[in-house]
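>>> Below is the structure, and that's it, no one-letter string:
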């Protein structure tokens, strides 16, 4: 089965400016680049990936753009662009010159005021340009905010990261379920299934609940590599997920993410400058 990984992170601690994430005391504090992802995956089945920035620092957006320009494996980049700060319109204009730029991710989500006029104005600009918006929503309050924003900006594809962060265990959390139902009821939302939530059989109820409410066409596989590496073997995880999703596997593992991130016509690059 072909795999298009919709959520990976690339980092290099040897960069002159260093990195903010992961921290130096982390078990994943080392180089993680496209060649390393290929080694961890089945190269014959991994057809491409979406690189997602983890930092609010502008220089990290710039570095990821340069990396993507030199890698055919990276087919799309999700940047931060600091949408809640002054100058976003200018940063977005420059990002639009990057052919692989597809949207933004709010992280760490706890640092954002999701009701601020500046942020809402930025969301409007992103909607005008057909770009996606995503973030992880661990709490019910954040899930409610996610659903509200998706309904307000209903021409934007809103992407919920990491299965909406369900708690581990065989029993589904009522708060998680309520949040998922509320988000899935908004038709312009989709949800990413990450490797941490598909390798163990105990996650089967979570996946079945997501399929029930989002439907098989609104779920995307995203490994969350290399965050998942301390506990997850990518080859085994994708095999497990394929079994759990049955006839929907090809859509979830490849087709849906390509449609969400890559279906829009590519924007012709107007500049090779940094953003």
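Looks like it came in fine. Since this is a predicted model, take the numbers as computed values, not measurements.

>>> ranges for the helices of the stretch 151-275 of the chain?
In chain order, the stretch 151-275 of the chain shows helices spanning 174-184, 204-214, 234-245, 249-250, 256-262, with DSSP state H, counting those that start in this stretch as the criterion.

>>> Out of those helices, which gets nearest to residue 167?
Using Cβ to Cβ as the criterion, the shortest distance between residue 167 and the helices of the stretch 151-275 of the chain is 6.7 Å, found for helix 174-184. Just so you know, the C-beta spots here come from the backbone N, C-alpha and C atoms, and that holds for glycine as well.

>>> For that closest one, buried residues please.
By neighbour count on 16 or more other Cβ atoms under 10 Å, the buried set for helix 174-184 is 176-177, 179-180, 182-184.

>>> so how far is stretch 228-241 from its chain's centroid?
When C-alpha coordinates are averaged (Cα atoms, centre = their mean, to the nearest Å), stretch 228-241 and its chain have centres 17 Å apart.

>>> Pull the residues that contact it.
Stretch 228-241 has contacts (Cβ atoms under 8 Å, 6 or more residues apart in numbering) with 1, 3, 27-28, 40-42, 45, 193-196, 198-201, 207, 221, 223, 225, 249, 252-253.

>>> Filter these down to the buried ones.
3, 28, 40-41, 193-196, 198-199, 207, 221, 223, 225, 249, 252-253.

>>> Please narrow those residues to those residing in strands.
Among the buried ones among the contacts of stretch 228-241, the members falling in strands are 3, 193, 221 (criterion: DSSP state E).

>>> Would you convert the residues you listed into JSON lines that also reports pLDDT?
Conversion of those to JSON lines gives the following (pLDDT from 0 to 100):
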{"residue": "3", "pLDDT": "92"}
{"residue": "193", "pLDDT": "92"}
{"residue": "221", "pLDDT": "94"}
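
>>> which secondary structure element contains residue 5?
Following DSSP states H and E, one finds residue 5 within strand 3-8.

>>> which residues are contacting that strand?
Outside of strand 3-8, the residues that reach it under the criterion Cβ under 8 Å, 6+ apart are 37, 41-42, 45-52, 75, 161-162, 192, 194, 220-226, 238, 253-255, 257-258, 260-261.

>>> Of those residues, select the buried ones using a PyMOL command.
What follows is the PyMOL syntax selecting those of those that are buried according to 16+ other Cβ under 10 Å:
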select buried, resi 37+41+46+48+49+50+51+52+75+161+162+192+194+220+221+222+223+224+225+226+238+253+254+255+257+258+260+261
